[in-house]
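[1] Sequence plus predicted model, see below.
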Amino acid sequence: MPGESIYNLFESVFIASGQKKALTFFKDGKIETVLTYESLLKDINQFAAFLLKYSLKKGDRVILLLEKSIINIVAYLALLKGGVIVVPLNPGFKRNELEYLVKDADAKLILVDFKKKQMIRAMDSKIKILEIQMQLPYKDLDFFKSVPVSTVETQIELKDPALIIYTSGTTGNPKGAVLSHGNLICDAKNIISTWKISNKDVVCHSLPLFHIHGLCFALHTALLSSAHVIMPDRFSPKTVLERLISKQTAETCTVFMAVPAMYTKIMDFIGKQSFDFSHMRLFTSGSAPLLEKEFLRIKQIFGKEPVEREGMSETGMNFSNPLKENKIPGSIGIPLPGVQVRIVDPDSERDKTPGKVGEIWLKSPAVTKGYWQKPKETKKTFNHGWFRTGDLGKIDNNGYYYLTDRIKHLVITGGENVSAKEVETVINQIKGVKESSVVGV
């Protein structure tokens, strides 16, 4: 409906949640900041008022080049409120990595640690820069807190762009997937419904805020559910384990979302020690394939099977193993509500039967309408409204889907198409092999 935005949803939840804890931020393993939903909303409104001095218009791009922090979250939500398009970038990028992205986004403003101001100015002499002293605790960042809150409201519609997430393709420059307010709302509601995220949950957030996994799948869903977000400033096995085993009432975690490498590092750190994770109700894994032996290791060490899922920057989350029913190691599960799926022969564009491998095509209200300023790439990616993922996969007779490879990773040898991933799967079963990677030579 006109006038609805993902920010409107955040705001209504924050008002209703009042004095409930929203964010507990840990710096170097110690609590730095605790914000209630009421305090979070107050700071967002003041930051939005502060941003008025930059004369940003609806649809302008603003880059967030900030370390994981409370100010990062407050700035992000304030920008969404103003109707601008937020472009989160990895603060660890070097100049040669940033130059293309800054130019491509054509941003009006960049929020950056004051130490990087000179680098940004050398790259772009015209872009406005908001320097933030990231080494300071959040309570000392008071540059925006004395600004009177404005009553000006930006009219935003579901179709309006909200976010550009840059994807690193295997060839060429990164492409900016443009996600609308409607895309983000659909994705968040799907995940909340599928994983039963609620105001009783405490989410351990150890992911970056510049990828769709940490920003949308984790942060959006937690805050829109009025959950309590426990947020370490960075991932380390020791710090995250301390949060996962803590039994302090308000900080007893129930949900942990991570990538396979994080689980492996935590389990290697645990070694032969034993910890009680019985208070945890959900462990999820995504963004990379989870080896079957690691699935079984997680089940053994944490006492629960991980919920594997699949998503993309362009589409949001598409598949998930069920919470209570069978979780099949190596499977990405079943489609989320409203997600239509086809397994298609890339050459003939005919649908494959169960068990046969083809390209995964998707339709969903969460799918991007295209890439930022790249009409040719957008046209190549869509076929009569179907999003061509570039992933090869199959469906079994029980309706569970599997990723088998990327189309670009197929190795042609002796006239045969060989899946690098299938060869890797065999090699990974050899005793003494931790993980393998196969490429054509």
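    Received it, and whenever you're ready, just let me know what you need.
[2] from here on, contacts and neighbour counts on C-alpha atoms
    Noted.
[3] Now do Pro335: how many residues are near it, please.
    The burial count assigned to Pro335 is 21, neighbours taken as other CA atoms under 10 Å.
[4] What score does it have for pLDDT?
    With respect to pLDDT, Pro335 scores 97.
[5] which stretches of the stretch 301-441 of the chain have low pLDDT?
    Along the stretch 301-441 of the chain, segments meeting pLDDT under 70 span 409-417, 419, 422.
[6] what does the stretch 1-150 of the chain give?
    1-3.
[7] just the strands in it please.
    Secondary structure of the stretch 1-150 of the chain, counting by DSSP state E, counting those that start in this stretch: strands at 21-27, 30-36, 61-65, 85-88, 109-113, 128-132.
[8] got JSON lines for those, with distance to Trp361 and mean neighbour count too?
    Converted to JSON lines, the strands of the stretch 1-150 of the chain look like this (distance: least, CA to CA, whole Å; neighbours: other CA atoms under 10 Å):
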{"stretch": "strand 21-27", "distance to Trp361": "37", "mean neighbour count": "21"}
{"stretch": "strand 30-36", "distance to Trp361": "41", "mean neighbour count": "16"}
{"stretch": "strand 61-65", "distance to Trp361": "30", "mean neighbour count": "24"}
{"stretch": "strand 85-88", "distance to Trp361": "26", "mean neighbour count": "25"}
{"stretch": "strand 109-113", "distance to Trp361": "35", "mean neighbour count": "20"}
{"stretch": "strand 128-132", "distance to Trp361": "40", "mean neighbour count": "17"}
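[9] Which one, of those, ends up nearest to Cys253?
    strand 21-27 (11.8 Å; CA to CA).
[10] Pairing partners for that closest one, with directions?
    Strand pairing for strand 21-27, using DSSP bridges, gives strand 30-36 (antiparallel), strand 228-232 (parallel).
[11] Distance from the chain centre to the first one, please.
    In this case it means strand 30-36. Here the centre of strand 30-36 is set off from its chain's centre by 22 Å, with CA atoms, centre = their mean, to the nearest Å.
[12] for the protein, which strand is longest?
    Identified as the longest strand of the chain according to DSSP state E is strand 386-395.
[13] could the strands of the stretch 1-150 of the chain go into CSV alongside distance to Glu157?
    Shown next, in CSV, are the strands of the stretch 1-150 of the chain (distance: least, CA to CA, whole Å):
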stretch, distance to Glu157
strand 21-27, 27
strand 30-36, 28
strand 61-65, 17
strand 85-88, 13
strand 109-113, 23
strand 128-132, 27
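[14] of these, which approaches Trp386 most closely?
    Closest approach to Trp386 among those is made by strand 85-88 (24.8 Å; CA to CA).
[15] Contacts made by the closest one with the rest, please.
    58-65, 76, 79-80, 105, 161-165, 209-211 (CA atoms under 8 Å, 6 or more residues apart in numbering).
[16] go on, stretch 157-167?
    If you take CA under 8 Å, 6+ apart as the criterion, stretch 157-167 is touched by 1-5, 59, 80, 83-89, 174-183, 210-212, 313-314, 372.
[17] Buried ones among these?
    With neighbours counted by 16 or more other CA atoms under 10 Å, these contain buried members at 4-5, 80, 83-89, 174-183, 210-212, 313-314, 372.
[18] Now, these that are in helices?
    Residues of the buried ones among the contacts of stretch 157-167 located in helices (DSSP state H): 80, 181-183, 212.
[19] For the stretch 201-350 of the chain, which segments count as strands?
    202-205, 228-232, 255-258, 282-285, 307-312, 316-320, 334-335, 340-344.
[20] Can you lay out these as TSV showing distance to Phe26?
    Output for the strands of the stretch 201-350 of the chain, formatted as TSV (distance: least, CA to CA, whole Å):
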stretch	distance to Phe26
strand 202-205	11
strand 228-232	5
strand 255-258	16
strand 282-285	21
strand 307-312	26
strand 316-320	28
strand 334-335	35
strand 340-344	40
